[in-house]
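Asker: how would this look folded up:
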Amino acid sequence: MYTRSYDIGPVTVFEMEGDLNLHSLRWLEESLGDFVANGRLRIVLSLGSVALITSSGLSSLIQFSQDFKQREGQIALAEVPQTGRKVLAITRLDSLFSIYDSTAAAAQALAAGDSQSA
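Answerer: Numbering: from 1, shown residues only. Sure thing, here's the model as predicted:
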């Protein structure tokens, strides 16, 4: 998994590429304290270049999201591939995550304090 990160105002964007699995999300879980300590409480995971989301990756993503929200953070998913959207819908996890068609829209919504699915 390759990840590039950058900030758009108060929002940190992670562009993820490759497979989304338990190992690829471990660094997010390990970095949670750093995000909070540095005041980076708004995160967009851009998944447009993710080829596969495994069940362990999905489970890890759920855990990360719950832990981050407990620390007053906001997380949004952007550019989720169609197969990923289907998995999120079938498992009803689309109600857990704010999902946006574009990274820019997700970042704008989080910066404004609005995290509704779009």
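Asker: State the distance from Gly113 to Arg40.
Answerer: 15 Å (C-beta to C-beta, to the nearest Å). No exception for glycine: its C-beta is placed from N, CA and C like everyone else's.
Asker: quick one, which of those two is more surrounded?
Answerer: Between Gly113 and Arg40, Arg40 has the larger neighbour count (other C-beta atoms under 10 Å), namely 16 against 9.
Asker: Spell out which helix or strand contains the residue minimising distance to the centre of the chain, please.
Answerer: The centroid of the chain falls nearest to Leu45 when counting by C-alpha atoms, centre = their mean (3.3 Å). Using DSSP states H and E, Leu45 falls within strand 42-53.
Asker: tell me what the following helix or strand past that strand is packed against?
Answerer: Next along the chain after strand 42-53, taking DSSP H and E as the criterion, comes helix 55-70. When contacts are defined as 3 or more C-beta pairs under 8 Å, 6 or more residues apart in numbering; DSSP states H and E, helix 55-70 sits against strand 11-20, helix 22-37, strand 42-53, strand 74-78.
Asker: Now the third one: average pLDDT?
Answerer: The average pLDDT for strand 42-53 rounds to 91.
Asker: Buried residues of it, list them for me.
Answerer: Residues Arg42, Ile43, Val44, Leu45, Ser46, Leu47, Val50, Ile53 are the ones in strand 42-53 that count as buried (16 or more other C-beta atoms under 10 Å).
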